[in-house]
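Colleague: Just to be clear, the model below is a prediction. Sequence and coordinates:
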Amino acid sequence: MSRRGLIGRLLALGIVLAIALLGPSTAWAATELTVYRSPTCNCCGHWVEHMQAAGFDVQDVVTDDMDAIKAQYGVPEALASCHTALVEGYVIEGHVPATDVQRLLSEQPNVLGIAAPGMPVGSPGMETGDGVDPYTVVSFTQTGDTATFAEHP
């Protein structure tokens with residue numbers, strides 16, 4: 001085998017090894033999301049299932065003191081819902097669709113988090129029959145500023 005052919009094979013082997021060693025551990029790792037929810041809220045469990053189906057590795061923390069969790073992580077009272085989640089430094093409040101969370105993580109805006117205030121019918125975890133209420137997911141900052149992040153008809 002020529003020197004050029006040997007170098008080509010060694011480079012190819014190096015690339016294969018790099019993909020084998022680095023690829024699966026980085027490209028396929030699920031994003032960890034920690035959700036805090038009340039033990040009596042069934043819709044929160046459905047939202048957890050929605051996030052797992054979207055590929056998130058969900059750590060499910062059941063607590064009786066959701067008010068303290070919301071205060072600890074800076075969720076404005078006007079944006080509150082039934083559960084609070086944390087993912088890569090962001091706060092996710094309520095029934096926010098996984099696609100919005102994925103967009104947040106992709107764009108990385110300078111916000112504290114995003115919220116789907118209240119419990120909109122038809123949002124992930126709140127599916128009941130054919131009813132769907134239009135709702136807005138809003139971003140919020142530590143200073144209390146809010147802006148529309150996504151509209152859901």
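Modeller: That came through, no problem.
Colleague: and stretch 139-151, how far from the chain's centre?
Modeller: Computed by Cα atoms, centre = their mean, to the nearest Å, the separation of stretch 139-151 from the middle of its chain amounts to 16 Å.
Colleague: who's in contact with that stretch?
Modeller: For stretch 139-151, contacts defined as Cβ atoms under 8 Å, 6 or more residues apart in numbering pick out 74-76, 79, 97, 100, 103-104, 109-115, 134, 136-138. C-beta: built from backbone N, CA, C; applies to glycine.
Colleague: rerun at 7 Å
Modeller: Stretch 139-151 has contacts (Cβ atoms under 7 Å, 6 or more residues apart in numbering) with 74, 76, 79, 100, 109, 111-115, 136-138.
Colleague: Among the residues you listed, which ones are in strands?
Modeller: Cross-referencing those against strands under DSSP state E gives 113, 114, 115, 136, 137, 138.
Colleague: Show the buried residues in those.
Modeller: In the ones in strands among the contacts of stretch 139-151, burial by neighbour count holds for 113, 114, 115, 137, 138, counting by 16 or more other Cβ atoms under 10 Å.
Colleague: Can I get the contacts of stretch 139-151 in a markdown table including distance to residue 128 and pLDDT?
Modeller: Output for the contacts of stretch 139-151, formatted as a markdown table (distance: Cβ to Cβ, whole Å; pLDDT from 0 to 100):
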| residue | distance to residue 128 | pLDDT |
| --- | --- | --- |
| 74 | 30 | 97 |
| 76 | 27 | 96 |
| 79 | 22 | 97 |
| 100 | 20 | 98 |
| 109 | 31 | 98 |
| 111 | 30 | 98 |
| 112 | 30 | 98 |
| 113 | 26 | 98 |
| 114 | 23 | 98 |
| 115 | 21 | 98 |
| 136 | 19 | 98 |
| 137 | 19 | 98 |
| 138 | 23 | 98 |
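Colleague: so which of those residues comes closest to residue 31?
Modeller: residue 100 (13.7 Å; Cβ to Cβ).
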